[in-house]
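**Q** Kindly return the folded structure for what I paste below:
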Amino acid sequence: MSLSPRQLRTLRPTERLQRVLAWEGSLIDPVGGILGAVVFHAVLAGTRREPGYQLGQFLIGVGVGLAGGVAGVALLWLLLHRLRLGEVLGTSAQLASVVAVAAACDVVRDDAGLIAAVVMGLAMANMRGFDIPARRPFFETLVQLIIGVLFISISATVTPASLRHLVLPTLGLIAVLVLVTRPLVALLATARTDLSRGERLFTGWMAPRGIVAAVTASTFSAGLVSQHIQGASKILPATFLVIVITVTVYGLTAVPAARRLGVTRPARTRPLLVGGEDWVVDLGRALRTLGLDVVMWAGSDEQRRQITATGLELAPGELLAAAAGRGAQLEGITAVLLLTGEDDFNALGATVLQGSVEGPVYRLGARMPSHGVIAPYTGGEILFDQQLTGYEVSRRYASGGRICTRPADGTAPADGSLLFLVRADGKLAPVTRTEPPEPQEGDNMILLVAAADGS
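**A** Take a look at the predicted model:
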């Protein structure tokens, strides 16, 4: 089990490093499991006088797994695309389908279920038409629960007697894996890439292992023991020790190592501003002058050109579509501010994007309580006070109002409307209707003031 999304959010690595670790975590378990199956059958083939027969049996197992995977994909297509099950039923259908197909394949041929499950997962992640219904927090919690139950079940089979005479040799194996194998493989794999020296070194240090290795070790160990392969009974306890010790080492050292190598993102807020009106662009410039790494997105080409002309970072056009349609994480974004002139768009965006960002999602208040189709009926944090709706902000700006910054003196401003506070540590504190922040010494205020008072 490699670094989970929650662990990556806690670690806060740089965006490139986070993508590398996330993709490795997605690929290493299925690839490792399949390679383990290949080695398992190769060992069995070496114990018989007819290696061709064992190879044929392995290929049959692969064929059964592929056929089961195709059947499972068809079943999921029917459940999720044609029947359009809801979120709760869709999540249950995913889990039940994968478990049922994998179990059926294993009944027909050992180890075919792993291949079927991998095929189904790859199809769901890459084929168009699969609208995966599970919300990310719920799905992550469910996966962690299943992993915990499986790991406890497997660890219960490792007895103190089985660890006898294995501790010292396994510690030597762990030292080789941690200090030699992983750094060498990572440095070779990242050669000629644009990763920095610190990012490459951190990649060479981080390689936790987990439940898939334990499951395959348990399955293959039993099969090898039944074939009287010498030393097969030591595979599971040795693997268990490797997992426990390496996960402990990497878990305790990940954050200090990342800080020492300088591969963590700063704690400062990195907001995504959605909207391209003039006052929104000025707001982005004001936030940037206070040291925040601002990202902006707008729908029209004219607004996007204006954002680019001011030197602000423009998010790719498919960013919001990917997050809304596939549940993708907005990597590196710690707050979303929906500031368009369409109240319903802001309300819908706040509903859809919650859970796709590390931090909160804010939106402008609707012009009137009864205005719009959905705006009055959605939750989420609403920016600014009751009178300062999105329409009112645009009206004041068109009438000569301006966005300005000013150091806080510990009191609320009397000559303008406070929109945001940028704390001394770089955290963004918006004014909301439920929790208006209090200015403190060292903060910077972002205000909407009349033209004569702007700075």
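**Q** Could you check how far the residue nearest to residue 291 when sequence neighbours are not counted is from residue 293?
**A** Once flanking residues are discounted, residue 291 sits nearest to residue 426: 6.0 Å by Cβ to Cβ, 6 or more residues apart in numbering. Bear in mind the C-beta positions are built from the backbone N, C-alpha and C, glycine included. Distance of residue 426 to residue 293, computed by Cβ to Cβ, to the nearest Å: 9 Å.
**Q** list the residues that contact both of those two?
**A** residue 268 (Cβ atoms under 8 Å, 6 or more residues apart in numbering).
**Q** what residues are up against residue 113?
**A** Under the criterion of Cβ under 8 Å, 6+ apart, the contact list for residue 113 reads 65, 68, 101-106.
**Q** give me that answer again for 6 Å
**A** Residue 113 makes contact with 102, 105-106 under the criterion Cβ atoms under 6 Å, 6 or more residues apart in numbering.
**Q** Can you tell me the SS state at it?
**A** Here residue 113 is recorded as helix under DSSP: H, G, I helix; E, B strand; the rest coil.
**Q** how deep is residue 68 tucked in, by neighbour count?
**A** Applying other Cβ atoms under 10 Å, we find 26 residues neighbouring residue 68.
**Q** whoops, I mixed them up, residue 280
**A** 27.
**Q** So which elements touch the strand or helix carrying it?
**A** Assigning secondary structure by DSSP states H and E places residue 280 in helix 278-289. In terms of contacts (3 or more Cβ pairs under 6 Å, 6 or more residues apart in numbering; DSSP states H and E), helix 278-289 is packed against strand 402-407.
**Q** cutoff 8 Å now
**A** Using 3 or more Cβ pairs under 8 Å, 6 or more residues apart in numbering; DSSP states H and E as the contact test, the elements touching helix 278-289 are strand 271-274, strand 295-297, helix 301-309, helix 390-398, strand 402-407, strand 416-422, strand 444-449.
**Q** Buried residues in it, which are they?
**A** By neighbour count on 16 or more other Cβ atoms under 10 Å, the buried set for helix 278-289 is 279-287.
**Q** Just put the residues you listed in JSON lines and tack on distance to residue 178.
**A** Output for those, formatted as JSON lines (distance: Cβ to Cβ, whole Å):
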{"residue": "279", "distance to residue 178": "53"}
{"residue": "280", "distance to residue 178": "49"}
{"residue": "281", "distance to residue 178": "49"}
{"residue": "282", "distance to residue 178": "51"}
{"residue": "283", "distance to residue 178": "47"}
{"residue": "284", "distance to residue 178": "44"}
{"residue": "285", "distance to residue 178": "47"}
{"residue": "286", "distance to residue 178": "47"}
{"residue": "287", "distance to residue 178": "42"}
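**Q** now, which of the contacts of residue 113 lie within helices?
**A** Counting by DSSP state H, the part of those found in helices is 102, 105-106.
**Q** Just name the lowest-scoring one in these, pLDDT-wise.
**A** Minimum pLDDT across the ones in helices among the contacts of residue 113 is recorded for residue 106, with 86.
**Q** contacting residues for it?
**A** Residues near residue 106 by Cβ under 8 Å, 6+ apart: 112-113.
**Q** next one: residue 76
**A** Contacts of residue 76 were listed using Cβ under 8 Å, 6+ apart, and they are 93-94, 97, 120, 123-124, 130.
**Q** and which of these is nearest to residue 164?
**A** residue 120 (40.5 Å; Cβ to Cβ).
**Q** what's downstream of whichever helix in the chain runs longest, the next helix or strand?
**A** Longest helix of the chain, by residue count under DSSP H: helix 15-46. Downstream of helix 15-46, the first helix or strand assigned by DSSP H and E is helix 51-76.
**Q** Least confident secondary structure element in the chain?
**A** Counting by mean pLDDT, DSSP states H and E, the chain has its least confident helix or strand at helix 319-326, which shows a mean of 52.
**Q** neighbouring strands for the next helix or strand after that one, and are they parallel or not?
**A** The helix or strand immediately downstream of helix 319-326 is strand 335-338, counting by DSSP H and E. Listed by DSSP bridges, the sheet partners of strand 335-338 and their directions read strand 271-274 (parallel), strand 361-363 (parallel).
**Q** which residues sit against the shortest one?
**A** So that's strand 361-363. If you take Cβ under 8 Å, 6+ apart as the criterion, strand 361-363 is touched by 335-339, 346-347, 349-350, 353-354, 380-383, 430, 432.
**Q** please redo it, this time with the cut-off set to 7 Å
**A** 336-338, 346-347, 349-350, 353-354, 380-383, 430, 432 (Cβ atoms under 7 Å, 6 or more residues apart in numbering).
**Q** how distant is the following helix or strand past that strand from the center of its chain?
**A** Going down the chain from strand 361-363, the next helix or strand is strand 381-382, by DSSP H and E. Offset of strand 381-382 from its chain centre (Cα atoms, centre = their mean, to the nearest Å): 24 Å.
**Q** Direction included, what does strand 381-382 pair against?
**A** Pairing partners of strand 381-382, with direction, according to DSSP bridges: strand 361-363 (parallel).
**Q** centre of the chain versus the partner strand, how much separation?
**A** From the chain centre to the centre of strand 361-363 is a distance of 20 Å (Cα atoms, centre = their mean).
**Q** likewise stretch 231-250?
**A** In terms of Cα atoms, centre = their mean, the centre of stretch 231-250 is found 27 Å from the chain centre.
**Q** before we move on, back to that, which of the ones in helices among the contacts of residue 113 sits closest to residue 309?
**A** Proximity of the ones in helices among the contacts of residue 113 to residue 309 (Cβ to Cβ) peaks at residue 102, which lies at 54.0 Å.
**Q** Once you drop chain neighbours, what's closest to the closest one?
**A** Distances taken as Cβ to Cβ, 6+ apart place residue 113 nearest to residue 102, at 3.4 Å, with adjacent residues excluded.
**Q** for residue 111, same thing?
**A** residue 37 (4.8 Å).
**Q** As TSV, the buried residues of helix 278-289 with pLDDT and distance to residue 243 would be great.
**A** What follows is these, written out as TSV (pLDDT from 0 to 100; distance: Cβ to Cβ, whole Å):
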residue	pLDDT	distance to residue 243
279	91	54
280	90	49
281	91	51
282	92	53
283	92	49
284	92	46
285	92	50
286	91	50
287	91	44
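**Q** follow-up on the earlier one: most neighbours of all the contacts of strand 361-363, which one?
**A** Highest neighbour count within the contacts of strand 361-363: residue 346, with 29 neighbours (other Cβ under 10 Å).
**Q** show me what contacts that one?
**A** If you count contacts by Cβ under 7 Å, 6+ apart, residue 346 has them with 338, 340, 363-364.
**Q** Give me the three-state assignment for it.
**A** Of the three states, residue 346 takes helix under three-state DSSP.
**Q** pLDDT on stretch 394-410, on average?
**A** Mean predicted lDDT for stretch 394-410 stands at 85.
**Q** how far does it sit from the chain's center?
**A** 36 Å.
**Q** try stretch 18-33
**A** The answer for stretch 18-33 is 12 Å, by Cα atoms, centre = their mean.
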